[in-house]
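> Fold the following for me, if possible:
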Amino acid sequence: MELFVNDTGGTGDPIILIHGWPLSSDAWEPQIPALVDAGYRVIAYDRRGFGKSDKPGEGFDYDTLAHDLHELIENRGLSKVTLVGFSMGGGEVARYIGRFGEDKLRAVVFASAVPPFLMKSASNPDGPLDQATANEFEKNLTEDRDAFFEGFTKDFFSADGELKVSEDTRQKALSLCHQSSQEAALGCMKAWATTDFREDLGQISVPTLVLHGTADGIVPIEGSGERTHEMVKQSILHRIEGAPHGCNTSHPLEFNKAILDFLMAPARSVSAE
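Got it, this is the predicted structure:
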């Protein structure tokens, strides 16, 4: 199983960008040049089943996906790594730490991310996703993939009923959605909807930035970003006012500045050695 990896190389500390569902590493186009210009080695990869990576028929649970990330870090001999997980990718950040620890990490960023736990239940009453909505998502993706992605990309980039990116930008994201295999799209949908990351978040001690749009209609900040911030005591919460779920694309200047300011602050300069 081969992952497609875009590695800019260089001698700077590495930043690994983990994309959202159901896109690919190409979704990080607004970030990569800014991070490279700041001196970082930027690594973005396509999750298994998405983009240019291999498309197996299984392995879309977070334990397996976190192991894929672990293998990438080990095979490239990386250390002092900053993990940036967007949406579903935030789950890989949390589960990686839960399974493999922080020895290789410098810092982490949760951007529009799904932790701590989306599915509402008796033990998780603040979860922003109910079972009926999750079932409807799965039904719509199964029955009409094209129509589902059309609506999803509009919601992804919209705030208060208004598209916050150009139609050309939305169409590019739509093309990335269609690169996913149906097995991966459905398997990962189940994973991000039903995985509980609360224990994983409790193990985080490295500097942490939580970055979230206040008008996110897909992963609402109240049920995700704000709760993650509360659970990770040393975290910083940066709210992007009026931004939709796809805030890295709709508000790239503020998104990039928040990450760079976080990494360059004196309190963030202590690396895991």
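
> Let's see stretch 229-240 as CSV, backbone CA atoms only.
Backbone C-alpha positions of stretch 229-240 (Å, rounded to 0.1, in the frame of the first residue of the first chain) are rendered in CSV as follows:
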residue,chain,number,x,y,z
HIS,A,229,-9.4,23.5,23.5
GLU,A,230,-11.0,22.8,26.9
MET,A,231,-9.6,19.2,27.0
VAL,A,232,-6.0,20.1,25.9
LYS,A,233,-5.1,22.5,28.7
GLN,A,234,-2.0,24.0,27.2
SER,A,235,-3.8,24.7,23.8
ILE,A,236,-4.4,28.0,22.2
LEU,A,237,-7.8,28.6,20.4
HIS,A,238,-7.8,30.9,17.4
ARG,A,239,-11.3,31.6,16.0
ILE,A,240,-11.5,32.8,12.4
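
> Name the residues that touch it?
116, 198, 201-202, 204-205, 207-214, 221, 225-226, 228, 247, 251, 254-255, 258, 262 (C-beta atoms under 8 Å, 6 or more residues apart in numbering). C-beta coordinates here come from the backbone N, C-alpha and C atoms, glycine included.

> average pLDDT for that stretch?
In this model, stretch 229-240 carries a mean pLDDT of 97.

> Can you list the buried residues in it?
H229, M231, V232, S235, I236, L237, H238, R239, I240 (16 or more other C-beta atoms under 10 Å).

> Count the residues that sit near N75.
10 (other C-beta atoms under 10 Å).

> rewinding a little: quick one: which of the buried residues of stretch 229-240 is nearest A147?
I240 (29.1 Å; C-beta to C-beta).

> Dig out what the closest one forms beta bridges with.
Note on I240: beta-bridge partners by DSSP bridges are G213.

> can you count the residues close to R106?
Counted with other C-beta under 10 Å, R106 comes out at 22.

> any chance you could map the helices in the stretch 151-273 of the chain?
With DSSP state H, counting those that start in this stretch as the criterion, the stretch 151-273 of the chain has helices at 167-177, 182-194, 198-201, 225-231, 247-250, 252-264.

> okay if I get those as CSV plus distance to T11?
Listed next are the helices of the stretch 151-273 of the chain as CSV, based on distance: least, C-beta to C-beta, whole Å:
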stretch, distance to T11
helix 167-177, 30
helix 182-194, 34
helix 198-201, 31
helix 225-231, 32
helix 247-250, 26
helix 252-264, 16
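
> Check what pLDDT A272 gets.
With respect to pLDDT, A272 has a value of 31.

> Number of residues surrounding A191?
21.

> Kindly report the same for Q182.
13.

> So it sits against R145, correct?
Yes. Assessed by C-beta atoms under 8 Å, Q182 is found in contact with R145 at 6.6 Å.

> okay, which residue is most central for this structure?
F86 (1.9 Å; C-alpha atoms, centre = their mean).

> Roughly how far does it sit from P56?
Shown here: F86 relative to P56, a distance of 22 Å by C-beta to C-beta, to the nearest Å.

> Could you identify which of the helices of the stretch 151-273 of the chain is most buried?
Across these, the average number of neighbours (mean count of other C-beta atoms under 10 Å) peaks for helix 247-250, which reaches a mean of 26.

> Residues touching it, excluding its own?
So helix 247-250 is contacted by 27-28, 30-31, 86, 111-112, 157, 159, 164-165, 169, 173, 211-213, 216, 240, 243-244, 255 (C-beta under 8 Å, 6+ apart).

> go on, stretch 31-41?
Defining contact as C-beta under 8 Å, 6+ apart, one finds that stretch 31-41 is touched by 6-15, 17, 42, 44, 82, 84, 248, 252, 255-256, 259-260, 263-264.

> now swap in stretch 57-76 and tell me
1, 3, 5, 7, 14, 16, 18, 43, 45, 47-49, 78, 81, 83, 91-92, 95-96, 98-100, 104, 183-184, 187-188, 190-191, 195.
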